[in-house]
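Asker: Sequence and predicted structure below; questions after.
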There are 2 protein chains.
Amino acid sequence: MGLIVQKFGGSSVKDTERIFNVADIVTSTYAKGNDVVVVVSAQGDVTDDLIAKAKEVNEKASRREMDMLLSSGEQVSASLLAMAIEKLGYPVVSLLGWQAGFLTTSDYSNARIKKVMPERIRKELDKRNIVIVAGFQGVNRFNDITTIGRGGSDTSAVAIAAVMHADLCQIYTDVEGVFTADPRKIPGAKKLDVISYDEMLELATLGAQVLHNRSVEMAKKYNIELEVLSSLTRKPGTIVKEETKMEKMLISGVAKDDHIARISIVGVPDKPGFAFKLFSKLSNKNVNVDIILQSIGRNGTKDISFTIAEDNLDVALEVIENYVSNVGASTVLHDENVSKVSIVGAGMESHPGVASEMFEALYDSNVNIQMISTSEIKISVLINRADADKAVRAIHDKFFGE
Amino acid sequence: MGLIVQKFGGSSVKDTERIFNVADIVTSTYAKGNDVVVVVSAQGDVTDDLIAKAKEVNEKASRREMDMLLSSGEQVSASLLAMAIEKLGYPVVSLLGWQAGFLTTSDYSNARIKKVMPERIRKELDKRNIVIVAGFQGVNRFNDITTIGRGGSDTSAVAIAAVMHADLCQIYTDVEGVFTADPRKIPGAKKLDVISYDEMLELATLGAQVLHNRSVEMAKKYNIELEVLSSLTRKPGTIVKEETKMEKMLISGVAKDDHIARISIVGVPDKPGFAFKLFSKLSNKNVNVDIILQSIGRNGTKDISFTIAEDNLDVALEVIENYVSNVGASTVLHDENVSKVSIVGAGMESHPGVASEMFEALYDSNVNIQMISTSEIKISVLINRADADKAVRAIHDKFFGE
């Protein structure tokens, strides 16, 4: 018995049947004597439908009015879920972001949570109400409605768990937990029982898309135990928590990211400051650079290659062309047919053989490595996109095969 | 130049085309140098769709959660209208009921406005913003969302006009104003240029359904000039204001109400107190009694007949059967095939011939009068429902014919 925060995504509340499924999970948790706070996203495609409606009226609608519009989606799902719980005979109350005390910055459509003032939630829990909170939304200091970005409901849930010192924060999705690889692609992929915050962060960044990074970062900061689990199968999911010695797995997962592109600048004058200036110009345009490779120079020039998110390619090329024509580098090349495949594991710090095992798996399946990047708990390689699925399978077999 | 409040109903904002039509009206008003506050209802059938969604989940959902759900409808229309106005290049901000300072009672689904605190609206107008307010909604003292009943957006608009001392409150609908009779039924029906609050109240009560009574009562109380007009034709509508001697029309309109029923109690013991007790019992059940007719007694008994709203018939009959069996009245009859036809006019006070002209018109068209009721500015008759349209035409011809 304790305080449990449960978050349900849009697919978990997409229709009446699913809403009652969620109501059943929530009331079962409550019936065991727990205090329960539930965070919901908008139903199914509601957010996308609202965006389409807005675009029909004004392609360049202000972000303030977009937030006013989109926040109605969670209002609908929160009240419908409350009605379902009423139907099951339990005491319940739904609250919007501003009612639940979510104070955010004024960056409409991508606001950060500054503070959660949980007085109202606490009061409702004290009355033994189940509390439903509309996720993804808050108000700024002008009392205007803000939204905290896509996937923000995860963050809403973790923020409540943090400020109220919840015993557990459950993130219900349509997968059963965190897997050693994408289970839709790799038949032998195994569900992890436990994973550390850092490993989860690397996996989220690498495109595993189970949890949003912001929510994991916040959970780590406030040491909130997360559980990722399915709202349909009702099996235990994956616990995300602080790593302990005992639990350190050599490798916890293999991830793939197809949404990247590689840029190469050939014939850069071999003078100090080129890379620094280039990357700061890219950063000014919100382009994040990932893996960087710089060749030893020949004839007073060098080559520099790096990866970025595929979405940023046009912006990045524009910045680079401008800059390069000023400094006299010869050629800018780019390649969208690349993927990044990574292994993550808190245990690899103390096991130097992991990288060579990964490279061996790739060599055995005839996959060429273009670039390599490593951190303390991650090894990433850039390869041809056509080889990506094969590479993931080979690596997964190597570490998790029978 | 002044402060103008404009209210647009659901059909006026039902799709993108209509939204831009409204945006055009609003920005034209603003471009003339006026401060403009706009109150909107939910788009077209949105409220009905949300109610259907709720019923699918829980037929007996709490009214608190219903209000949480339904208030999202105006949130969507308010933000979409703001986006359309942005598109036209004008400064605009949308506000929800709680942001616009609407404090209401806690009677969810039928709350009364206790107070409008216009500080935020004033601040936005001072910044030269057009202000869009979501109608129909407010918050109670617990900061929970309430709705103020169907048609409440009219009342929202008048409340803002009252508290901010607006120069004019325009109620845009899909009709061009207030007519001498229902223009869909009576070809010669004429639009009125001006009508007094009292006449409008009688017409609203009598089923003209152009403006909601609560809004007219509030406009009268705070002396707010209303204009009822069409959002499509852009012609001047009907002004509703305090009557002045000059403007007194003999008759301002003919109205019909089909949604009534007549009850007769035959053989009531001729003792004091019967009617008083009966009507107080009905009043306790929220049954409003309209026209009452009591016969002179025969053999120590009398007959009593009265009309009520058709919807209340079952409740009323139950109350009456119980009461009558206690006091020993003989028979209770009821008739749903009745209509009430009325003429309204502030001028009739000083023209005693009006009633006989009306009765003459009915006699000439062979319509039998069952009951008669009069007030200072109204004469109503109860007739067979089958005769009702014929009766309205005959009376309208008599007073407004060429």
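Answerer: Yep, that arrived. Numbering: from 1, shown residues only, chains lettered A, B, ... in the order given.

Asker: CA only for contacts and neighbour counts going forward, please
Answerer: Will do.

Asker: quick one: the residue sitting furthest away from the middle of chain A from residue A:20, how far?
Answerer: Largest separation from the mean C-alpha position in chain A: residue A:299, at 44.0 Å (Cα atoms, centre = their mean). Residue A:299 is 70 Å from residue A:20, where distance means Cα to Cα, to the nearest Å.

Asker: Please apply the same query to residue A:191.
Answerer: Taking Cα to Cα, one finds residue A:191 at 27 Å from residue A:20.

Asker: buried ones in stretch A:126-134?
Answerer: The neighbour-count check on stretch A:126-134 (16 or more other Cα atoms under 10 Å in any protein chain shown) flags A:128, A:129, A:130, A:131, A:132, A:133, A:134 as buried.

Asker: Max pairwise distance over the residues you listed: which two?
Answerer: Based on Cα to Cα, the longest span within the buried residues of stretch A:126-134 runs between A:128 and A:134 and measures 19.0 Å.

Asker: quick one: contacts of stretch A:366-374?
Answerer: Stretch A:366-374 is contacted by residues A:291, A:292, A:293, A:362, A:379, A:380, A:381, A:382, A:383, A:384, A:387, A:391 when judged by Cα atoms under 8 Å, 6 or more residues apart in numbering or on different chains.

Asker: So which of those belong to strands?
Answerer: Counting by DSSP state E, the contacts of stretch A:366-374 place A:291, A:292, A:293, A:379, A:380, A:381, A:382, A:383, A:384 in strands.

Asker: Helix, strand, or coil at the residue of the stretch 101-250 of chain A at minimum distance from chain B?
Answerer: Going by Cα to the nearest Cα, chain B is nearest to residue A:143 of the stretch 101-250 of chain A, at 7.2 Å. Here residue A:143 is coil, with the state taken from DSSP: H, G, I helix; E, B strand; the rest coil.

Asker: Correct me if wrong: it contacts residue B:99.
Answerer: Yes. Between residue A:143 and residue B:99 a contact is recorded at 7.2 Å, counting by Cα atoms under 8 Å.

Asker: between the two, who's got more neighbours?
Answerer: More neighbours surround residue B:99 than the other of residue A:143 and residue B:99, with 21 against 16 (other Cα atoms under 10 Å in any protein chain shown).

Asker: Contacts only, for that one.
Answerer: Taking Cα under 8 Å, 6+ apart, one finds A:143, A:144, B:120 in contact with residue B:99.

Asker: Does it belong to a helix, a strand or coil?
Answerer: For residue B:99, the assignment made with three-state DSSP gives coil.

Asker: Need the phi and psi values for it.
Answerer: The phi/psi pair for residue B:99 (degrees, to the nearest 10) reads phi -70, psi -30.

Asker: if we can go back for a sec, among the buried residues of stretch A:126-134, name the ones in strands.
Answerer: Per DSSP E, these map to strands at A:130, A:131, A:132, A:133, A:134.

Asker: I'd like the residues you listed laid out as a markdown table, including distance to residue A:65 and pLDDT.
Answerer: Formatted as a markdown table, those follow (distance: Cα to Cα, whole Å; pLDDT from 0 to 100):
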| residue | distance to residue A:65 | pLDDT |
| --- | --- | --- |
| A:130 | 31 | 98 |
| A:131 | 27 | 98 |
| A:132 | 24 | 98 |
| A:133 | 21 | 98 |
| A:134 | 18 | 98 |
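
Asker: could I get the residues you listed as JSON lines with distance to residue B:327?
Answerer: Listed next are those as JSON lines, based on distance: Cα to Cα, whole Å:
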{"residue": "A:130", "distance to residue B:327": "51"}
{"residue": "A:131", "distance to residue B:327": "53"}
{"residue": "A:132", "distance to residue B:327": "53"}
{"residue": "A:133", "distance to residue B:327": "56"}
{"residue": "A:134", "distance to residue B:327": "57"}
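
Asker: Identify, from those residues, the entry nearest to residue B:265.
Answerer: Set against residue B:265, the nearest of these by Cα to Cα is residue A:130 (51.8 Å).

Asker: what about the residue lying closest to the closest one once chain neighbours are set aside, neighbour count?
Answerer: Nearest non-adjacent residue to residue A:130, counting by Cα to Cα, 6 or more residues apart in numbering or on different chains: residue A:92, 4.5 Å away. When neighbours are defined as other Cα under 10 Å, residue A:92 has 24 of them.

Asker: wouldn't residue A:92 be in contact with residue A:132 here?
Answerer: Yes. Using Cα under 8 Å, residue A:92 makes contact with residue A:132 at a distance of 7.4 Å.

Asker: Next, show the common contact partners of these two.
Answerer: Taking Cα under 8 Å, 6+ apart as the criterion, residue A:92 and residue A:132 both touch residue A:82.

Asker: now residue A:47, what's its secondary structure?
Answerer: Using three-state DSSP, the three-state assignment for residue A:47 comes out as helix.

Asker: hmm, I was thinking of residue A:121
Answerer: Following three-state DSSP, we place residue A:121 in the helix state.

Asker: which ones are touching the nearest residue to it once chain neighbours are set aside?
Answerer: Distances taken as Cα to Cα, 6+ apart put residue A:100 closest to residue A:121, at 6.1 Å, once the chain neighbours are dropped. Counting by Cα under 8 Å, 6+ apart, residue A:100 makes contact with A:116, A:117, A:118, A:119, A:120, A:121, A:133.

Asker: Please work out how many residues are found near the fifth one.
Answerer: Spelled out, that is residue A:120. Neighbour tally, residue A:120, other Cα under 10 Å: 16.

Asker: ok, it - contacts?
Answerer: By Cα under 8 Å, 6+ apart, the contact set of residue A:120 is A:99, A:100, A:101.

Asker: Let me know the distance separating it from residue A:243.
Answerer: 34 Å.

Asker: what's the next secondary structure element after the helix or strand hosting residue A:79?
Answerer: Per DSSP states H and E, residue A:79 falls inside helix A:63-87. Next along the chain after helix A:63-87, taking DSSP H and E as the criterion, comes strand A:92-95.

Asker: just checking, what packs against that following strand?
Answerer: Where contact means 3 or more Cα pairs under 8 Å, 6 or more residues apart in numbering or on different chains; DSSP states H and E, strand A:92-95 is packed against helix A:63-87, strand A:130-134, helix B:63-87.

Asker: try it again with 6 Å
Answerer: strand A:130-134 (3 or more Cα pairs under 6 Å, 6 or more residues apart in numbering or on different chains; DSSP states H and E).

Asker: Against which helices or strands is the strand it packs on packed?
Answerer: By 3+ Cα pairs under 6 Å, 6+ apart, strand A:130-134 packs against strand A:35-40, helix A:63-87, strand A:92-95.

Asker: what lines up beside the last one in the sheet?
Answerer: Going back to what we said before, that points to strand A:92-95. Strand pairing for strand A:92-95, using DSSP bridges, gives strand A:130-134 (parallel).

Asker: and what of the first one?
Answerer: The pairing partners recorded for strand A:35-40 under DSSP bridges are strand A:3-8 (parallel), strand A:130-134 (parallel).

Asker: could you check the angle helix A:63-87 makes with that strand?
Answerer: Counting by axes from the mean of the first three to the mean of the last three Cα atoms, to 10 degrees, strand A:35-40 lies at 130 degrees to helix A:63-87.

Asker: That concludes my questions; thank you for your assistance.
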